[in-house]
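**Student:** Fold the following and give me the result.
(one chain, ligands or ions: 3)
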Amino acid sequence: MPEGANLDAVSAVPGLPDFLLLSFDITVKLDGQVFADEDIIMFGPGADGQNKFGMGLDLSQVGIDESLDLDALHIESVAPTFLYMSFDGSGRVGNVSFDDEDVLEFDNEQQAWRLVYDGSERSLCGCRTRRAAPTAAATAPRSAR
Ligand SMILES: [Ca+2]
Ligand SMILES: [Ca+2]
Ligand SMILES: [Ca+2]
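**Tutor:** Ligands and ions are numbered 1, 2, ... in the order given. So this is what the prediction gives:
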């Protein structure tokens with residue numbers, strides 16, 4: 001890990017157990033590549049089988065202001081790619097305004113951003129369901145005794 005850098009977001013990748021998505025709190029240089037604090041870095045085996053860092057998603061290329069720092073991340077699915085993210089400050093992407101306590105969903109296929117959790121609302125979860133959202137855990141029958 002680069003000196004002085006802290007990991008501020010990490011997510012396992014569904015279906016790809018050898019890979020992790022990461023973000024750091026400062027700009028870092030890894031494997032000769034520079035990653036900004038808002039970038040999503042992919043860590044996992046390359047073609048030669050060696051683990052390496054690569055660009056997962058350059059968020060400044062999909063509308064996120066470079067002044068922001070990605071500070072929470074979860075990848076819901078790979079194909080199609082749905083990501084949940086939070087940032088360290090307020091901003092606007094497309095027609096979505098957000099604050100640091102909010103969670104945004106990014107649909108990589110549609111290149112679409114959506115506010116899925118407004119942290120300033122009182123409700124525990126302001127999540128809106130998307131399609132048939134995976135609710136297996138919520139609906140699974142409790143273990144019979
Ligand atoms: Ca930044
Ligand atoms: Ca970050
Ligand atoms: Ca945040």
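
**Student:** And the residue of the chain closest to ligand 2?
**Tutor:** Nearest residue of the chain to ligand 2: Ser23, at 3.5 Å (C-beta to the ion). For glycine as for every other residue, the C-beta is placed from the backbone atoms N, C-alpha and C.

**Student:** So that residue: helix, strand or coil?
**Tutor:** strand (DSSP: H, G, I helix; E, B strand; the rest coil).

**Student:** secondary structure element for the closest residue to it other than its chain neighbours?
**Tutor:** Nearest non-adjacent residue to Ser23, counting by C-beta to C-beta, 6 or more residues apart in numbering: Ala9, 4.0 Å away. In the assignment (DSSP states H and E), Ala9 maps to strand 7-12.

**Student:** Next up, the contacts around the residue sitting nearest the centre point of the chain.
**Tutor:** Among the residues of the chain, the one closest to the centroid is Leu73, at 3.1 Å (C-alpha atoms, centre = their mean). By C-beta atoms under 8 Å, 6 or more residues apart in numbering, the contact list for Leu73 reads 9-11, 21, 23, 40, 83-86.
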